[in-house]
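> Provided below for reference: sequence and predicted model.
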Amino acid sequence: MTQWEYATVPLLVHATKQILDTWGQDGWELVTVVPGPNADNLVAYLKRPKG
């Protein structure tokens, strides 16, 4: 059975692609994006297999 590790990452609207590309290069897969604490912020939830 696969075990996962998770990360939450604040996204800046003007740099969303760059931020997600950087995490993706480290093996993280985007699960979802939700609104952050204010209208200008988003939060990305990512996962990758442990190990």
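Structure received.
> Quick check: which element contains the closest residue to Trp4 other than its chain neighbours?
Distance criterion CB to CB, 6 or more residues apart in numbering; nearest residue to Trp4, sequence neighbours excluded, is Lys47 at 4.8 Å. Any C-beta I mention is one placed from the backbone N, CA and C, and that applies to glycine too. In this assignment (DSSP states H and E), Lys47 forms part of strand 41-49.
> Would you indicate which residues of that strand are buried?
Of the residues in strand 41-49, those buried by neighbour count under the rule 16 or more other CB atoms under 10 Å are Leu42, Ala44, Leu46.
> And for stretch 22-34?
Along stretch 22-34, the positions that meet the burial threshold by neighbour count (16+ other CB under 10 Å) are Trp23, Trp28.
> Please save the CA atoms from that stretch in CSV.
Listed in CSV are the C-alpha atoms of stretch 22-34, where the atom choice follows Å, rounded to 0.1, in the frame of the first residue of the first chain:
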residue,chain,number,x,y,z
THR,A,22,8.9,24.1,-8.7
TRP,A,23,7.0,21.7,-6.4
GLY,A,24,6.2,19.4,-9.3
GLN,A,25,9.9,19.1,-10.2
ASP,A,26,10.4,17.8,-6.6
GLY,A,27,7.8,15.0,-7.2
TRP,A,28,4.8,16.7,-5.6
GLU,A,29,1.3,16.2,-7.3
LEU,A,30,-1.3,18.9,-7.0
VAL,A,31,-4.5,17.6,-5.2
THR,A,32,-6.5,20.8,-4.9
VAL,A,33,-6.4,24.6,-4.6
VAL,A,34,-8.7,26.4,-2.1
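> Quick one: mean pLDDT for that stretch?
Stretch 22-34 shows an average pLDDT of 97 in the prediction.
> Give me the contact list for that stretch.
For stretch 22-34, the surrounding residues in contact (CB atoms under 8 Å, 6 or more residues apart in numbering) are 6-7, 9, 11, 20, 42-49.
> No further queries at this time; thank you.
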